[in-house]
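**Student:** return a 3D structure for these sequence lines:
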Amino acid sequence: MYMAPFSGPLTAEGQNTLSERDRVHLVPSKLKRVTAFIEANLDKRIGLADLAHAAGLSPNHFLRVFKRATGDTPYQYLRARRLQRACELLSRSSLPLAELALDCGFANQAHFTAAFTRQFGVPPGRYRRAIRSKTAPPLSVSAGSRDQRRLVTSPQPLCRPALLSIGTAWLS
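**Tutor:** This is a model prediction of the structure:
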């Protein structure tokens, strides 16, 4: 007897209760759950397994559908949110950079400084001094590319044209 691969909850009759859309896409309610989990745990170590668990999906499947839904990997989104939080804290607090780095979920000050400098082209200490002297340009965080410089507060689903592949419509 042939059985289809398991891909979600089953009814008593053994029928899969997930729609095709739910199996291929990250539905808005799951995306909201994941972003709420990230916001609540920005200062903690968050792994792919944690995010997948929050969405109720396997890690590999979650990675695919999150990227398809937002255009960014979970790591890119998480890093962008942490850097955005760091910008906010740099502008309104006098926490030492080492403490600020930990509060934003970075492993240490060196990791934070490297990520901040790579994203914005200026170290966080210099940016803080510029903020205090009111000479700092506004910084914004792009989850995908530092060249875009757009502010990311929550992932936005992407609308992409369908791609016909071997007779099955898939989102590109």
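
**Student:** show me what contacts Tyr127?
**Tutor:** 87, 90, 116, 120, 136, 139 (CB atoms under 8 Å, 6 or more residues apart in numbering). Every residue, glycine included, has its C-beta placed from N, CA and C.

**Student:** quick check, it in a helix?
**Tutor:** Yes. With DSSP: H, G, I helix; E, B strand; the rest coil as the criterion, Tyr127 is part of a helix.

**Student:** which helices and strands does the longest helix anywhere in the chain pack with?
**Tutor:** Identified as the longest helix of the chain according to DSSP state H is helix 74-92. Applying 3 or more CB pairs under 8 Å, 6 or more residues apart in numbering; DSSP states H and E, we find helix 74-92 packed against helix 28-40, helix 48-55, helix 59-70, helix 97-103, helix 109-120, helix 124-132.

**Student:** and the average pLDDT for it is what?
**Tutor:** The average pLDDT for helix 74-92 rounds to 94.

**Student:** identify each buried residue in that helix, please.
**Tutor:** For helix 74-92, a neighbour-count test (16 or more other CB atoms under 10 Å) marks 74, 76-87, 89-90 as buried.

**Student:** looking at the residues you listed, which is nearest Ala107?
**Tutor:** Arg82 (11.1 Å; CB to CB).

**Student:** just checking, the closest one touches Leu42?
**Tutor:** Yes. Judged on CB atoms under 8 Å, Arg82 makes contact with Leu42 at a distance of 6.0 Å.

**Student:** so for those two, which residues contact both of them?
**Tutor:** 104-105.

**Student:** so who does the residue nearest to Ala49 when sequence neighbours are not counted touch?
**Tutor:** With sequence-adjacent residues excluded and distances taken as CB to CB, 6 or more residues apart in numbering, Ala49 is closest to Pro59, at 5.4 Å. Counting by CB under 8 Å, 6+ apart, Pro59 touches 48-49, 52.

**Student:** so where's the chain uncertain?
**Tutor:** Within the chain, the ranges that satisfy pLDDT under 70 run 1-24, 136-138, 140-172.

**Student:** domain ranges for it?
**Tutor:** 20-71, 78-132 (automatic domain parsing).
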